[in-house]
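J.: Here is my input, please return the structure:
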Amino acid sequence: MIFKFLLRGGAFLSLILSPVLTVVGANSPQTTVLEPTPPAVPARLSVREAARITVQNNPQLKQSRVTYLASKSGLASARDLSTTSLFAGISRAGVGSSGNQTSARTGGQFTWQRRGGDELSATVVPASTSSLNSNLQLQYRRPFVRASGSLGQANVSITSAEYDLVSQDNQLYLARQNAVQETVRSYFQAVRARDLIAVSESDVGIAKETVRIASRKLEEGLIAEIEVSRAKIQLAQSEDNLIQRKRAQRDALDALLLSMGLKVGQSPELIDTAPSERITVDVNSLLEEALANRKDLLVEEVAIKRQELELRISGNELRPSVDLVADYTKAGLGISGANTYSAQSVWSAGIDYSLPIGSVSRKERRSIAQRNLEQLYVDKEFRRQRIKNEVLAAARTLEAAGASLDIFKNDLSVAEENLKLAQRMVEEGLVSNRDVLEAQVALTRTRSSLLSAQIDYYLALIDLKKAVGRDLAGEMTS
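T.: This is a model prediction of the structure:
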């Protein structure tokens with residue numbers, strides 16, 4: 001008997017579950033995730049190409065993009081206001097002294113909501129066995145006071161998801177700005193380190209020439225041996241400085257590759273130099289542009305809107321609820337395995353009223369929402385002041401970098417002339433070798449400072465554009 005029951009029950013359940021399992025299997029694809037391989041760096045790398053690779057490959061930026069896509073999926077899920085499911089089951093139960101009873105059923109369920117709060121659910125059981133009749137059941141609820149209209153559960157979920165998507169979109173933009181800014185800065189830091197190597201190599205060449213001249217003059221008895229020693233010490237210092245700058249250039253290049261999301265240790269040729277473009281700054285117009293364009297200020301505004309919604313929800317929870325409810329059931333629908341068959345309909349409709357009394361948690365939730373909203377207004381104003389400070393500081397930095405650039409340009413010609421003059425006077429025996437060494441140090445320092453000032457000016461310009469809220473990623477990748 002047990003074997004016959006299992007055989008019959010299993011065959012019936014297989015018949016019921018077969019289409020359900022087919023649908024489930026069709027909608028459950030096997031997904032294989034492959035580990036991504038970072039692209040190779042081009043042999044000749046421009047700053048625009050570096051920015052383009054960064055936008056596609058920077059790990060932090062990819063994480064921000066994943067978060068944004070998750071918010072997008074959350075909004076799509078929130079907007080899906082209907083669900084459909086199929087079910088099937090088989091059971092065996094004992095009821096008092098009447099013996100054991102086997103029952104099986106299969107059917108489907110559908111639920112639907114409106115953004116304003118209306119809910120409708122329908123359950124259909126077209127096939128059943130034993131004394132479990134097939135049936136159709138409909139349930140409907142419509143709120144009138146609480147959780148209705150714009151504060152309906154579905155509408156709140158959709159609105160919250162929309163706010164979250166806007167916020168994540170702005171956060172993705174900010175992450176892209178930061179990634180591109182870091183790459184541009186790293187690129188020109190590597191350019192600076194490379195160009196400083198050329199300055200050091202020139203310095204070593206000058207130092208070697210100074211040692212040669214000093215050695216010749218010592219052989220001719222024109223100078224003391226200490227002059228040669230000084231020249232050799234200067235040469236050693238120049239060679240050591242060259243070694244340090246080569247190490248710094250390797251470190252700067254690896255930092256660039258890391259900001260791009262590439263494997264470190266590669267050696268691309270950097271083909272761009274810092275542009276010599278000079279601009280005139282109108283601080284007042286830049287401040288207006290920053291307050292209109294900065295995405296982080298928009299993030300603060302979205303946070304305020306979300307908190308205002310939370311305040312409305314928490315206040316609405318203190319109100320009574322009045323809901324229209326209706327229910328309809330038709331038993332004996334379709335196929336029944338029972339020996340007797342009967343069909344009957346039952347319906348009901350009415351009004352549900354609920355009044356919250358003495359709810360501390362609801363009152364505290366409203367108080368918390370009020371305090372959080374007040375703090376967000378404070379944060380927004382503080383953000384505005386921070387933006388103004390960033391713009392003013394970036395403008396002053398750009399102005400100072402421009403002034404330094406002009407000074408070092410003038411100093412370079414003076415330093416070159418001083419070195420030539422010192423070398424000629426040493427040749428004529430008018431001054432000691434110390435003057436040449438000092439002039440050499442001054443020239444090397446001026447050349448290094450001029451290179452740094454050119455790059456500092458351009459990076460200060462990039463910082464100012466970012467502070468104002470201009471699209472660095474679009475500008476650098478177009």
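
J.: Could you use CA atoms for every contact and neighbour count after this?
T.: Will do.

J.: what separates the helix or strand that contains Arg447 from the chain centre, distance-wise?
T.: In the assignment (DSSP states H and E), Arg447 maps to helix 433-468. Put simply, helix 433-468 sits 34 Å off its chain's centre (CA atoms, centre = their mean, to the nearest Å).

J.: Same question for stretch 138-154.
T.: 36 Å.

J.: Can you name every helix or strand that the helix holding Arg447 contacts?
T.: helix 153-219, helix 225-260, helix 283-293, helix 360-427, helix 472-477 (3 or more CA pairs under 8 Å, 6 or more residues apart in numbering; DSSP states H and E).

J.: Show residues contacting the last one.
T.: Okay, so that is helix 472-477. 47-49, 51-52, 55, 176-177, 180-181, 462, 465-466 (CA atoms under 8 Å, 6 or more residues apart in numbering).

J.: and the angle from the helix holding Arg447 to helix 225-260?
T.: Relative orientation of helix 433-468 versus helix 225-260 (axes from the mean of the first three to the mean of the last three CA atoms, to 10 degrees): 20 degrees.

J.: Helix 433-468 to helix 283-293, inter-axis angle?
T.: 50 degrees.

J.: Please identify the buried residues of helix 433-468?
T.: Buried residues in helix 433-468, defined by neighbour count with 16 or more other CA atoms under 10 Å: 433, 435-437, 439-468.

J.: give me the low-pLDDT residue ranges for the stretch 351-478 of the chain?
T.: By pLDDT under 70, the low-scoring segments of the stretch 351-478 of the chain are 426, 428-434.

J.: Dihedrals phi and psi, Thr83?
T.: Dihedral pair for Thr83: phi -130, psi 140, per degrees, to the nearest 10.

J.: Can you give me the neighbour number for it?
T.: Residues lying near Thr83 (other CA atoms under 10 Å) number 11.

J.: which residues touch it?
T.: Here Thr83 is in contact with 110-112 (CA under 8 Å, 6+ apart).

J.: again, only using 10 Å
T.: Contacts for Thr83 (CA atoms under 10 Å, 6 or more residues apart in numbering) come out as 109-113, 121.

J.: and what of Leu451?
T.: 191-193, 195-196, 199, 274, 405, 408-409.

J.: As CSV, those with distance to Glu301 and neighbour count would be great.
T.: Output for the contacts of Leu451, formatted as CSV (distance: CA to CA, whole Å; neighbours: other CA atoms under 10 Å):
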residue, distance to Glu301, neighbour count
Val191, 40, 24
Arg192, 40, 24
Ala193, 42, 24
Asp195, 45, 19
Leu196, 46, 24
Val199, 50, 21
Ala274, 37, 19
Leu405, 40, 21
Phe408, 45, 22
Lys409, 46, 17
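
J.: Same list, the residues you listed, but as a markdown table with distance to Arg319 please.
T.: Converted to a markdown table, the contacts of Leu451 look like this (distance: CA to CA, whole Å):
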| residue | distance to Arg319 |
| --- | --- |
| Val191 | 66 |
| Arg192 | 66 |
| Ala193 | 68 |
| Asp195 | 71 |
| Leu196 | 72 |
| Val199 | 77 |
| Ala274 | 64 |
| Leu405 | 68 |
| Phe408 | 72 |
| Lys409 | 74 |
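
J.: Looking at the residues you listed, spot the one nearest Pro268.
T.: The shortest approach to Pro268 among the contacts of Leu451 belongs to Val191, at 11.4 Å (CA to CA).

J.: I'd guessed the closest one sits against Ala274; true?
T.: Yes - here Val191 reaches Ala274: they are 8.4 Å apart, a contact under CA atoms under 10 Å.

J.: coming back round to it: among the helices and strands packed on helix 433-468, which is the most enclosed?
T.: helix 153-219 (a mean of 21; mean count of other CA atoms under 10 Å).

J.: most centrally placed residue in the chain?
T.: Ser64 (2.5 Å; CA atoms, centre = their mean).

J.: what sits against that one?
T.: By CA under 10 Å, 6+ apart, the contact list for Ser64 reads 70, 168-169, 171-176.

J.: re earlier: how about the contacts of helix 472-477 in JSON lines, adding distance to Asn155?
T.: Below are the contacts of helix 472-477 laid out as JSON lines (distance: CA to CA, whole Å):
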{"residue": "Val47", "distance to Asn155": "46"}
{"residue": "Arg48", "distance to Asn155": "44"}
{"residue": "Glu49", "distance to Asn155": "44"}
{"residue": "Ala51", "distance to Asn155": "40"}
{"residue": "Arg52", "distance to Asn155": "39"}
{"residue": "Val55", "distance to Asn155": "35"}
{"residue": "Arg176", "distance to Asn155": "31"}
{"residue": "Gln177", "distance to Asn155": "33"}
{"residue": "Val180", "distance to Asn155": "37"}
{"residue": "Gln181", "distance to Asn155": "39"}
{"residue": "Ile462", "distance to Asn155": "42"}
{"residue": "Lys465", "distance to Asn155": "39"}
{"residue": "Lys466", "distance to Asn155": "36"}
